[in-house]
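Asker: What follows is a predicted protein model with its sequence.
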Number of protein chains: 2
Amino acid sequence: MHTVIEAGREITSDPAALSALWRQKQLEYTWLRALMHRYEDFWVVTEAALRHAVHRLGLTASEAAIRRLMAAYWTRAGFHAVPAGLERLAQRPRASLSHGSPRMLEAVVASSGLGRHLQHVLSVDAVKTYKPSPAVYALGPRALGISVNELLFVSSNGWDVAGAKAFGYHVAWCNRAGAPEEELGARADLVVTRLDELPL
Amino acid sequence: MHTVIEAGREITSDPAALSALWRQKQLEYTWLRALMHRYEDFWVVTEAALRHAVHRLGLTASEAAIRRLMAAYWTRAGFHAVPAGLERLAQRPRASLSHGSPRMLEAVVASSGLGRHLQHVLSVDAVKTYKPSPAVYALGPRALGISVNELLFVSSNGWDVAGAKAFGYHVAWCNRAGAPEEELGARADLVVTRLDELPL
């Protein structure tokens, strides 16, 4: 996140506002495109969300600035603190299930060393839609060959928690920021603030 | 909108922030529930969004305050300026297509006199999902018995414009506030700032 804010300073005096609106539109566009049956991969959606956010805030950005912001987004992915949390769970089969396009995920896995902790790095791209569509959540049990009610799904996003719970997973919400629950009729089975608080 | 802001003063010194977050969560929850296949009607979703927004902003609201805010939302629906715009188009078949539950729409139609301008008052409730799902947009041509490519769809929401265009309507965006386009790969055929600018 910090690198996005640094890159944002090039075009605005309030890079945190740009970062927040960009993130909000990125999620909105995944949900809207999924509902429209007009899937585009997450890299395309992320850039579209950035361009809209720039216009909405009355900013201007050169193509070079757009490219720098997108590159900063890439490094923000936030997987870097995850391997230690995953190492603790080494005796269990583990998979990730992400909005990232296969190309984005390959790069993240290569740079983070995440690959050796995961049996599967799953992308929504396999089913051309986005969470919280049940078609996405179905990828987990299918890849692992384990029934959904024997799997623990961990997410930091309240809406993703609700989607996974509605699908049938046991769900842990990694609620680092102490956010309030999303009111979507499905609650996490447990709430942690860090991955290493997950039960073994 | 003003009445919501007035009602919001009871629980916050920044009722505009409450109103904006409430609206954002209301839309998010329709999209998320549609993707989760967990439809609840718009009144239920609207109240859930309000409760989340209150918590997120660190406010507290009594049940009586929640009821007053919901009542204020009801009166905000914004249909009151519409009849004149519809009267101009009286020689054409006209229908509305709304997220509102049938109960909400009945009350709005009764209080606004809108009913005599519309052949059909359609609700997403008939298909238990939300825009921009194609299942919702299909209600228009079906009710009117007119092919989608002979219909003009008018919306003030950029994302709804994109959804209707992707479905196959001719689309006019009533962009009162001069908002930037949503970057969803589908553009309005025409943009107006008021309903009485629509071509006859």
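Answerer: Alright, I've got the coordinates.
Asker: Let's verify A:I146: helix, strand, or coil?
Answerer: Assigned by DSSP: H, G, I helix; E, B strand; the rest coil, the conformation of A:I146 is coil.
Asker: repeat for A:V121
Answerer: Look at A:V121: counting by three-state DSSP, its state is strand.
Asker: Could you count how many residues lie near it?
Answerer: Applying other C-beta atoms under 10 Å in any protein chain shown, we find 18 residues neighbouring A:V121. C-beta coordinates here come from the backbone N, C-alpha and C atoms, glycine included.
Asker: Would you check that A:V45 makes contact with A:Q26?
Answerer: Yes: A:V45 is in contact with A:Q26 according to C-beta atoms under 8 Å; the separation is 6.3 Å.
Asker: Pull the distance from the longest helix seen in chain A to the chain's centre.
Answerer: When every helix of chain A is counted residue by residue (DSSP state H), the longest turns out to be helix A:15-36. The chain centroid and the centroid of helix A:15-36 are separated by 12 Å, computed with C-alpha atoms, centre = their mean, to the nearest Å.
Asker: Which positions in it come out as buried?
Answerer: Residues A:15, A:18-19, A:21-23, A:25-36 are the ones in helix A:15-36 that count as buried (16 or more other C-beta atoms under 10 Å in any protein chain shown).
Asker: Please go through the residues you listed and note which also touch chain B.
Answerer: Of the residues in those, proximity to chain B by C-beta under 8 Å from any C-beta of the partner chain holds for A:28-29, A:31-36.
Asker: Dump these into JSON lines; add distance to A:R88 as well.
Answerer: Written out in JSON lines, the entries for those read as follows (distance: C-beta to C-beta, whole Å):
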{"residue": "A:E28", "distance to A:R88": "35"}
{"residue": "A:Y29", "distance to A:R88": "35"}
{"residue": "A:W31", "distance to A:R88": "33"}
{"residue": "A:L32", "distance to A:R88": "37"}
{"residue": "A:R33", "distance to A:R88": "36"}
{"residue": "A:A34", "distance to A:R88": "33"}
{"residue": "A:L35", "distance to A:R88": "37"}
{"residue": "A:M36", "distance to A:R88": "40"}
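Asker: could the residues you listed go into CSV alongside pLDDT?
Answerer: Below are those laid out as CSV (pLDDT from 0 to 100):
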residue, pLDDT
A:E28, 98
A:Y29, 98
A:W31, 98
A:L32, 98
A:R33, 98
A:A34, 98
A:L35, 98
A:M36, 98
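Asker: Close to chain B: what parts of chain A are there?
Answerer: Where proximity means C-beta under 8 Å from any C-beta, the interface of chain A facing chain B comprises A:24, A:28-29, A:31-38, A:40, A:48-49, A:51-52, A:55-56, A:130-134, A:159, A:162-163, A:166, A:179-186.
Asker: got the contact list for stretch A:169-181?
Answerer: Contacts to stretch A:169-181, defined as C-beta atoms under 8 Å, 6 or more residues apart in numbering or on different chains, come from residues A:137, A:140, A:148-149, A:151-156, A:158, A:161, A:164-165, A:187-195, A:198, B:52, B:55-56.
Asker: ranges for the strands of chain A?
Answerer: Listed in chain order, the strands found in chain A under DSSP state E are A:95-98, A:120-123, A:152-155, A:170-174, A:190-192.
Asker: Adjacent strands (with direction) for the third one?
Answerer: Read that as strand A:152-155. strand A:170-174 (parallel) (DSSP bridges).
Asker: if we can go back for a sec, could you dump the strands of chain A into CSV and include distance to B:R94 and mean pLDDT?
Answerer: Putting the strands of chain A into CSV (distance: least, C-beta to C-beta, whole Å; pLDDT from 0 to 100) gives the following:
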stretch, distance to B:R94, mean pLDDT
strand A:95-98, 45, 95
strand A:120-123, 44, 96
strand A:152-155, 44, 96
strand A:170-174, 46, 97
strand A:190-192, 49, 97
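Asker: residue ranges with poor pLDDT in chain A?
Answerer: Flagging of chain A using pLDDT under 70 yields the residue ranges A:1-2, A:76-82.
Asker: so can I have TSV of the strands of chain A showing distance to A:G8?
Answerer: Converted to TSV, the strands of chain A look like this (distance: least, C-beta to C-beta, whole Å):
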stretch	distance to A:G8
strand A:95-98	24
strand A:120-123	27
strand A:152-155	26
strand A:170-174	26
strand A:190-192	31
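Asker: start to end distance for stretch A:5-21?
Answerer: Criterion C-alpha to C-alpha, to the nearest Å; first-to-last residue distance in stretch A:5-21 is 12 Å.
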